[in-house]
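Asker: Generate coordinates for the sequence data below:
(one chain, ligands or ions: 1)
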Amino acid sequence: MADSAGIQQGSPAIGAAGLVPAAPGAGGTEGSGAAGGSARIAVKKAQLRSSPRPKKLEKLGVYSSCKAEGACKCNGWKSQNPPPTPPRTDQPSSTVNLQEPCRSCSHTLGDHVTHLENVSEEEMNRLLGIVLDVEYLYTCVHKEEDADTKQVYFSLFKLLRKSILQMGKPMLEAQESPPFEKPSIEEGVNNFVQYKFSHLPSKERQTIMELAKMFLNQINYWQLETPSQRRQRVPNEDAAGYKANYTRWLCYCNVPQFCDSLPRYETTQIFGQTLLRSVFTVMRKQLLEQARQEKDKLPPEKRTLILTHFPKFLSMLEEEVYSHSSPIWSQDFLAGASGGQIPIHTGKVLCLTSKPCLFGEKRKPTEPLPHEEIKRPRVVGDIPVELINEVMATITDPAAIPETSLLSAHSARDEAARLEERRGVIEFHVIGNSLNQKPNKRILMWLVGLQNVFSHQLPRMPKEYITRLVFDPKHKTLSLIKDGRVIGGICFRMFPSQGFTEIVFCAVTSNEQVKGYGTHLMNHLKEYHIKHEILNFLTYADEYAIGYFKKQGFSKDIKVPKAKYVGYIKDYEGATLMGCELNASIPYTEFSVIIKKQKEIIKKLIERKQAQIRKVYPGLSCFKEGVRQIPIENIPGIRETGWKPVGKGKELKDPDQLYSTLKTILQHVKSHPNAWPFMEPVKKTEAPGYYQVIRFPMDLKTMSERLKSRYYTTRKLFMADMQRIFTNCREYNPPESEYYKCANLLEKFFYTKIKEAGLIEK
Ligand code: ACO
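Answerer: Numbers count the residues shown, from 1 in each chain. As a prediction, the model looks like this:
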C-alpha cells in the first residue's frame, strides 16, 4: 500500500525508535512492538474463549480462592502436574478433572470454581480475558528492569488478580481520575489550528488538520522515557511531576493497549500541556529525523506534506507549547468567531489524500475568508482583521523568519539564550540553602559553583562574605546551568513586607559573557518575582555593571520610598543604588519575541501599503533651499499612506493641561447615571464568553489607572479607549438591552463633554 510509507495512524510505519511503542515488559528495548504484543494476547484470548467449559474452569480455578468448608485460605488451585514451561502445543491437552486435588490445599479443582457454576459464558470469557492479562503482566514484572515501571506493572498485576477473585471490573484506585489536565493535548492542538490557521481557505486548513491528526496520533503511540532515564537527561526538572504523569500514562494509556481488560484512554485526551512539554523536543527531533531517513520511500504526493509542511507545523506548535502565555492552553480559548472547533479525532485510519497546498497555493478571490463572516463593529484606526490574519500567517511562518535570522545582528540580546533554553541546553533554577530540609547534594554543589562564579567575577568582594550570603537561608539564587555546571546566577533577598527584592550578586562566568545569558537571567528573575508579587528590584551596582543594569531596565531614579528600604538593603561603598520597577503584565522572557513580531507586523503592513500605492516621490528638496518647516500634509504621498490630518480639535501640548482636562472629563463620565455598567472590568462569571467575543476590553477603572500613570499622552489615545467601551458594549449586548442603551446615552454625554473642553470641534 502506497500510504504505508507515510507517517500513519495506528501503525507507525516509519521505524524510528520513538515511533515503535514498546510492549509492557519490554522496558523500551524489546523489538517486538505493541502491535505484535497485543495481537498475540488477542489470539490467545480467542483460543481460550473457544475452548470447552471444563478447560475454562481449570484456567479460572488457578485464580480462584478455595470455597471448601472450613475456611480454606488457598487463593488459587495448583495442579499436581504443572504443565511444562512453555506449554507443549504439539501434545493434546489432557482432559480436565474437577476432582483433581490442589497441590497446595488438597481440595479439589471443583472446590475452587463453585462460584462459577451459574455464571454465563460471556462473564466467563470476560474473566478469562483478565486472566491472560494477569499472566502477561506477570512476565512483564519479571522482565522489566526499570524499578518505577516494574512497580506499576506489579500494582496492575495485583489489581487484575483481585478483580478475578472478586469477579469485579478492574478499577484503578487513584486520587485523581482522567483527564489530568485541561485543556487536553488534543484540545490544545485543536486550538492551535484555529489560532494560527483559521484564516486559510478550507482546503489548506484541511491539510493542516491532517498534520494535526498525524501529530496527535504519534503522541498516542509515543513511548515515554522512564523517570530515571529522564532524570539523567534533564536532571533539574520537576522529577516528581514527571513520575506522576508517567505512572498515569502506564496505567491509563500504555498497558491498556495490551491488556484490554483495563480501561484505555488516549494520551492526547487525558494529558495536557505539561506532558506535551516533557516529550515535545525529543519527539519533534525524532520525527523529523525519521522523516529525513525515510524520505526516499515516501510517495511523491506526501513528500511535501511530510518533508516541508510537517516541520513547519512542528516549529510553530513548539513555540506555543513552550510559551508561558500562549492562548491555546487557555480553558477559555474559543475558536475564531466564525469557525467553531475543528474536530481532530484520532481515528485509526488516516488517509492523506488532499494535495499539500499549505503555503503554495494562492487563495482564489471568490473563496470567502472565514473572518469575512464576522461583522465586528469597527473602531476608527483598527486594522482589518483579515489583513492582520494574513500578516500574522506570514510572520509566524518559520520559513519566513528562519531560526538563523533570529541570531542575526538585529536579533534581541537574549534570543540565543532563549533558544538554548528551549532546546534544553541551559536551565534556570531558583535554589538556596535551607535549614528545614535535608541538604540536597546537587543543590549544594550548585551553590558551591555559584560561590565560585561570584568570587571570580566580583574580585573586590571578600570570598567569605560571598559564601556567607550564598549559603544564607534568607538568600536565594537564580542559577544558570549549562551541561550540569553553574555558569552564572543572581543572588537575591526578598523583602515581601517592604515590597522589594535586593539583588546582591549578579554574574556570568567570563567565557560565557555577552551571549545574552545575563539578560535572560534577569528576565527569569523578573518573572519569578511577578509570580511572587514583588514588583521592585533594588541593587547596588558595581561601577562597571551600571551599563548592564540600565539595559535591564534599571535606573538611578528609585521608585521605592526610602523608608521602605533603608536599614534593609546592604550598602556598598563605591556602588550606585539602582532600581527597576516591574510590570506584572509583561512576560519578560518572551518580551523580545513579542516586540520582534510586532515590528514584523508593522513592517509587513508598510510593505503592503507600499505595494498598493506603487508610487515613489522624489525626496524633498525644499530644506536644501532654506525652508525650515513645511506642514505635514504638504509632503508628497503622505495622504496615500493613509495619514489623515488630526481632527479639527485642539491637541493640548502641555501634558499637565492635557492630564487635568482628561481627568475632569473622566470624572464627569464616571458620575453620569448611565456609567454604572462600565465602572469596572467585566467579570467573566457575570458575562459568559465575554472575553472570547471582546478582544480589547476597556472600562472606566482601567482608564482612570491609565490616566494616573500618564498613559494618555494625546487626546486621541483617551478618546479611543472611551470609544472602545461603547463599541464593546454594543457588540456584546443586544440593542434592546439596558447596557446597550446606557452605552448610547453615555457616549452622547461623553462627546458633549469633549466638545465643551475644545478637544474636538463643536
Ligand atoms: N557594562 C556595560 N554593558 C554591559 C556590561 C558592562 N559591564 N556587561 C554586559 N553589558 C551589556 C552587553 O554588552 C549587552 O548589551 P547589548 O544587548 O547592547 O549588546 C547587555 O549588557 C547584556 O548582555 P548579556 O550578554 O545579556 O549579559 P552577560 O551575560 O554578559 O552578563 C554581567 C552581564 C552579569 C554583568 C556579566 O558581564 C558579568 O558577570 N560581569 C562581571 C560581574 C559583574 O560586574 N556583575 C555585576 C556586579 S553588580 C552586582 O552584582 C549587584
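
Asker: How much space separates the closest residue to Glu144 other than its chain neighbours from the ligand?
Answerer: Distance criterion C-beta to C-beta, 6 or more residues apart in numbering; nearest residue to Glu144, sequence neighbours excluded, is Lys150 at 4.3 Å. C-beta coordinates here come from the backbone N, C-alpha and C atoms, glycine included. Distance, Lys150 to the ligand, using C-beta to the nearest ligand atom, to the nearest Å: 45 Å.

Asker: now do Ile602
Answerer: In this view, Ile602 and the ligand are 22 Å apart by C-beta to the nearest ligand atom.

Asker: Kindly report the same for Ser163.
Answerer: From Ser163 to the ligand the distance is 59 Å (C-beta to the nearest ligand atom).

Asker: Contacts only, for the residue of the stretch 551-700 of the chain found nearest the ligand.
Answerer: Nearest residue of the stretch 551-700 of the chain to the ligand, counting by C-beta to the nearest ligand atom: Lys551, 4.5 Å away. Going by C-beta atoms under 8 Å, 6 or more residues apart in numbering, Lys551 touches Arg413, Thr519.

Asker: follow-up on the earlier one: and for the residue nearest to Glu144, the neighbour number?
Answerer: By other C-beta atoms under 10 Å, 18 other residues sit near Lys150.

Asker: Please tell me how far the residue of the stretch 551-700 of the chain closest to the ligand sits from Glu512.
Answerer: Computed as C-beta to C-beta, to the nearest Å, the Lys551 to Glu512 distance reads 17 Å.

Asker: Repeat that for Cys72.
Answerer: 72 Å.

Asker: phi, psi of the residue lying farthest from the centre of the chain?
Answerer: Going by C-alpha atoms, centre = their mean, the residue of the chain most distant from its centre is Gln99, 62.1 Å out. Main-chain dihedrals, Gln99, degrees, to the nearest 10: phi -90, psi 0.

Asker: Tell me if I'm right that it and Gly110 touch.
Answerer: Yes - taking C-beta atoms under 8 Å as the definition, Gln99 is a contact partner of Gly110 at 6.5 Å.

Asker: neighbouring contacts of the longest strand along the chain?
Answerer: Determined from DSSP state E, the single longest strand within the chain is strand 485-495. Residues from elsewhere that reach strand 485-495, judged by C-beta under 8 Å, 6+ apart: 426, 446, 449-450, 452-454, 469-470, 474-481, 501-509, 512, 517-518, 521-522, 525, 529, 532, 534, 565, 568.

Asker: And for stretch 524-533?
Answerer: 324, 428, 430, 478, 490, 492, 494, 496, 501, 503, 535, 537, 580, 582, 584, 586-589.

Asker: what about the chain, any weak spots by pLDDT?
Answerer: Residues of the chain meeting the criterion pLDDT under 70: 1-39, 82-94, 175, 199, 332-382, 385, 393, 395-411, 645-652, 761-762.

Asker: Write out the residues of the stretch 351-500 of the chain neighbouring the ligand.
Answerer: Residues of the stretch 351-500 of the chain found near the ligand (C-beta under 6 Å from any ligand atom) are Arg413, Gln457, Leu458.

Asker: and those residues, which are buried?
Answerer: Arg413, Gln457, Leu458 (16 or more other C-beta atoms under 10 Å).

Asker: distance between the ends of stretch 477-493?
Answerer: One end of stretch 477-493 to the other measures 9 Å (C-alpha to C-alpha, to the nearest Å).

Asker: For Ser120, the count of nearby residues, please.
Answerer: Neighbour tally, Ser120, other C-beta under 10 Å: 8.

Asker: go on, Ala71?
Answerer: Neighbour count for Ala71, taken as other C-beta under 10 Å: 7.

Asker: and if you look at the one 3 residues further on?
Answerer: Using other C-beta under 10 Å, the number of residues around Cys74 comes to 19.

Asker: Isn't it up against Cys102?
Answerer: Yes - assessed by C-beta under 8 Å, Cys74 is found in contact with Cys102 at 6.1 Å.

Asker: Give me the common contacts of the two.
Answerer: Cys66, His112.

Asker: Show me what counts as buried in stretch 174-187.
Answerer: Pro178, Pro179, Phe180, Glu181, Pro183, Ser184, Ile185, Glu186, Glu187.

Asker: Please narrow the residues you listed to those residing in helices.
Answerer: Ile185, Glu186, Glu187 (DSSP state H).

Asker: Pipe those residues into a markdown table and attach distance to the ligand per row.
Answerer: Listed next are these as a markdown table, based on distance: C-beta to the nearest ligand atom, whole Å:
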| residue | distance to the ligand |
| --- | --- |
| Ile185 | 34 |
| Glu186 | 39 |
| Glu187 | 37 |
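
Asker: and those as a markdown table, adding distance to Asp557?
Answerer: Shown next, in a markdown table, are these (distance: C-beta to C-beta, whole Å):
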| residue | distance to Asp557 |
| --- | --- |
| Ile185 | 47 |
| Glu186 | 50 |
| Glu187 | 46 |
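
Asker: closest to Ser50 among those?
Answerer: Of all those, Ser50 sits closest to Glu186, with 37.7 Å by C-beta to C-beta.

Asker: so what's that closest one closest to, chain neighbours aside?
Answerer: Per C-beta to C-beta, 6+ apart, closest to Glu186 is Thr268, 4.2 Å.

Asker: any chance you could map the strands in the stretch 401-550 of the chain?
Answerer: Secondary structure of the stretch 401-550 of the chain (DSSP state E, counting those that start in this stretch): strands located at 426-431, 475-482, 485-495, 500-508, 536-541.

Asker: Any chance you could list what contacts the fourth one?
Answerer: This points to strand 500-508. Residues contacting strand 500-508 (C-beta under 8 Å, 6+ apart): 453-454, 456-458, 461, 466, 469-470, 475, 480, 487-495, 517-518, 521-522, 525, 529, 534, 536-539, 545, 560, 564-565, 568-570, 579.

Asker: what residues does the protein put near the ligand?
Answerer: For the chain, the contact set with the ligand under C-beta under 6 Å from any ligand atom comprises 413, 457-458, 503, 505-508, 513-519, 539-542, 544-545, 547-548, 551.

Asker: ok, of these, which come out buried?
Answerer: 413, 457-458, 503, 505-508, 515-519, 539-542, 545, 548.

Asker: Now name the helix or strand holding the most centrally placed residue in the chain.
Answerer: In the chain, the centroid-proximal residue (C-alpha atoms, centre = their mean) is Val321; its distance is 3.6 Å. Under the criterion of DSSP states H and E, Val321 resides in helix 310-322.

Asker: By proximity to the ligand, which residue of the stretch 101-250 of the chain wins?
Answerer: For the stretch 101-250 of the chain, C-beta to the nearest ligand atom, closest residue to the ligand: Asn236, 19.9 Å.

Asker: tell me the contacts of that residue?
Answerer: Glu427, His429, Arg442, Ile481.
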